[in-house]
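1. Okay, structure incoming, though there's no sequence with it:
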C-alpha cells in the first residue's frame, strides 16, 4: 500500500528488513532456491534482479498515467521482459561466467513475483523518485537474502566461501546442502530464524507468493484483508 | 539425440521442474494443501505448457530466427503465455463451464508460473525438435503434477505433526519439501 506521508528514505529502508521481499514477504522463491548454491551466484542474481527492478519501476511509474488500466498487465510484462533481455546482454558481454552459471534463471527474472509485485503495488501508484528508492531498497533486501542463503549453502555444502577454502569443513563438506534438497532446508531454517529474531508469528500460508505477486490481486479482494 | 521416452521420463523424474529445477515453487507451496486443488493445478499447468510450446516453437523457428530476432524470445514468449492463459480461460468459460469451474481459479496464476516460461525457453536452449519439445512439455507438466500430488499428501500428515513454534507454517513446509526432494534424488542417474 502506498503511504505518501512517510519520508522518502523509509521507502528505501523498508525493503531491507521490515518488508524484506524474500524472508518476510516470501516472494521470488524460485531464484532464491535455485541459484544460491554459491554466495557469488546469489550476489549476481540479486544485483541483476535489482537492476531489472530499478529499471522497470522507473519506467512504469513514469508511464503510470499513460498506460490504460485495462492493458496494464501486458504493458508491465513487456517493460519487465525488455529489461531482462537488456541485463542478459550486459552480463553475457561483461561477466560471461556469471551469465553461464545463472543460465535459464536469468530469463526467469521476468516472472519473478517481486518485480511484478512492486510494479503493481508500488510503481503504478507512486512517483518516479519514490519508485526508484523502493526498487533499490527491495533489490538490496533481495540481494542480502540471496547472499546469506548462498553463503550458508556454499560454506556447509562445499566448504568454500567466495571461492576460498574453509578449513575443517572443506575436507568433509555436506554435499546435500548444494543439492536442491538443501536449498529448501536452508530457506526453511532462515525463515524460521528471522521469525524468531523479529518475534513475528510466521505466515501460515503462501498463497502463490501472496497477493503482491498475483496479477489478479485487484479482482480478488477477499485475500487482501487477512494478509495485512 | 535423446529418445522421446528418455526426454519424457527425465523431465518427469530426474529433472523434475519443482524439486530439482526450482521452477513453479510458488504454486507448489501455495496450492498443494489439498489433493484436488493440487491435481487441478497440475492439469492446468500441463495443459498450458503444452499449448504454450505449440505456439512458441513455431514463433521462434518461423518468425524470430529467420529475421535474426532471437533476443526477443523472452518478451515474445511471456506475452504469448499471458495472452494464451487469458484465451484459454475465456474459451473454457464459454465452451466447457464444468471444466472451468474446477480449473478456472488456477489459470490466472499460471502466467507468473516460471515453470511455463521455463519449459518454453529450455526447449529452445536444448535445440529440441517440435515433437521433442512437446514431449518435454508433457513430461514437465506431469512431473509438476506428480510433485504437487505427492506433496499434498505430505502436508496432510504435517498438519497433525507437533512442530516447534518458530517452525510452524512456511518453514516446516519448506523442510518437508526438502525431504520430498531428497526422495526424488533417488531417480538421479537413471538415464545418462
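-> Yep, that arrived. Note that this is a predicted model, so its numbers are computed, not measured. Numbering: from 1, shown residues only, chains lettered A, B, ... in the order given.

2. So which residues of chain A form strands?
-> Using DSSP state E, the strands of chain A run over A:160-161, A:164-165.

3. Thought residue A:35 was touching residue A:41, still the case?
-> Yes: contact status for residue A:41 versus residue A:35: in contact at 4.7 Å, counting by C-beta atoms under 8 Å. Every residue, glycine included, has its C-beta placed from N, CA and C.

4. Model confidence score at the residue nearest to residue A:86 when sequence neighbours are not counted, please.
-> In this structure, residue A:86 finds its nearest non-sequential neighbour in residue A:55, 7.5 Å apart by C-beta to C-beta, 6 or more residues apart in numbering or on different chains. Looking at residue A:55, its pLDDT stands at 93.

5. and residue A:55, how many neighbours does it have?
-> Residues within reach of residue A:55, counting by other C-beta atoms under 10 Å in any protein chain shown, total 20.

6. And for residue A:175?
-> Residue A:175 - counted by other C-beta under 10 Å - has 12 other residues nearby.

7. Report the next helix or strand after the one helix or strand residue B:89 maps to in sequence order.
-> For residue B:89, the host element (DSSP states H and E) is helix B:73-95. Scanning forward in sequence from helix B:73-95 by DSSP H and E, the next helix or strand is helix B:97-103.

8. Run the contact check for that following helix versus chain A.
-> No: residues of helix B:97-103 contacting chain A under C-beta under 8 Å from any C-beta of the partner chain: none, with a closest distance of 14.6 Å.

9. Which of residue A:41 and residue A:35 has more residues huddled nearby?
-> Per other C-beta under 10 Å, whichever of residue A:41 and residue A:35 has more neighbours is residue A:35, with 28 against 22.

10. biggest helix in chain A, by residue count?
-> helix A:128-158 (DSSP state H).

11. list the contacts for residue B:56?
-> B:76-77, B:80-81, B:120, B:123-124 (C-beta atoms under 8 Å, 6 or more residues apart in numbering or on different chains).

12. 6 Å instead?
-> B:77, B:80, B:120 (C-beta atoms under 6 Å, 6 or more residues apart in numbering or on different chains).

13. out of those residues, who has the most neighbours?
-> Most surrounded of these: other C-beta under 10 Å gives residue B:120, at 29 neighbours.

14. Look up how far chain A lies from that one.
-> Noted for residue B:120: a distance of 10 Å to chain A, by C-beta to the nearest C-beta, to the nearest Å.

15. my guess is that residue meets residue B:77, correct?
-> Yes: using C-beta atoms under 6 Å, residue B:120 is in contact with residue B:77, at 5.2 Å.

16. ok, and the closest non-adjacent residue to residue B:31?
-> residue B:41 (4.5 Å).

17. State the helix or strand in which that neighbour lies.
-> Counting by DSSP H and E, the element that carries residue B:41 is helix B:35-58.

18. so residue B:152 touches residue B:31, yeah?
-> No: counting by C-beta under 6 Å, residue B:152 sits too far from residue B:31 to count as a contact (8.5 Å).
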